[in-house]
Every structure is written in C-alpha cells, then in structure tokens.
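> 3D, please:
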Amino acid sequence: MGELGDKIKGNVNEAAGKLKQQSANPATRDEGAAQELHGKGQQFKGKVKGLLGDDI
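Predicted coordinates for the structure are as follows:
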C-alpha cells in the first residue's frame, strides 16, 4: 500500500477510535484508544513512505 493509502487508513482509524472513546462501556473506550494509536502509527508509516519512497 502506498503513502496516500496509509495516511487515509490512519485518519479513518483515528476518527473511529475517537468515536469509540465516547462510549459508556470501558472496554469500548479502551478499544478506541488502541485504534486511535494504531491510526497514528499508520499515518506515520505513510509519512515515512513519502520521504523514502513507496518501496519500503
């Protein structure tokens, strides 16, 4: 997957994670926090690919 795809997936996961963190269920809030963190990692991966090229 290329730079743009990673960045888009990262944004989607961050947004979904933030929504889940609004839940009254503690397990869902924890899942949302993990999903948001995963999204940030995907965005970082996309930025690195942009700097180094999509072949990594």
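
> list the buried residues in the lengthiest helix in the chain.
Criterion DSSP state H: the longest helix present in the chain is helix 26-52. For helix 26-52, the neighbour count (16 or more other CB atoms under 10 Å) marks 31-32, 35-36, 38-39, 42-43, 45-46, 49 as buried. Every C-beta, even on glycine, is put in place using the N, C-alpha and C of the backbone.

> next one: stretch 2-22
3, 6-7, 9-10, 13-14, 16-17, 20.

> show me the contact partners of it.
1, 28-29, 31-47, 49-50, 54 (CB atoms under 8 Å, 6 or more residues apart in numbering).

> now with 7 Å, please.
Applying CB atoms under 7 Å, 6 or more residues apart in numbering, the set of residues contacting stretch 2-22 from outside is 28-29, 31-33, 35-36, 38-40, 42-43, 45-46, 49-50, 54.

> just stretch 25-40 next, same as before
Stretch 25-40 has contacts (CB under 7 Å, 6+ apart) with 10-11, 13-14, 16-21, 23.

> the residues you listed in helices, which ones?
10-11, 13-14, 16-20.

> need the pLDDT of Glu3.
We have a pLDDT of 89 for Glu3.
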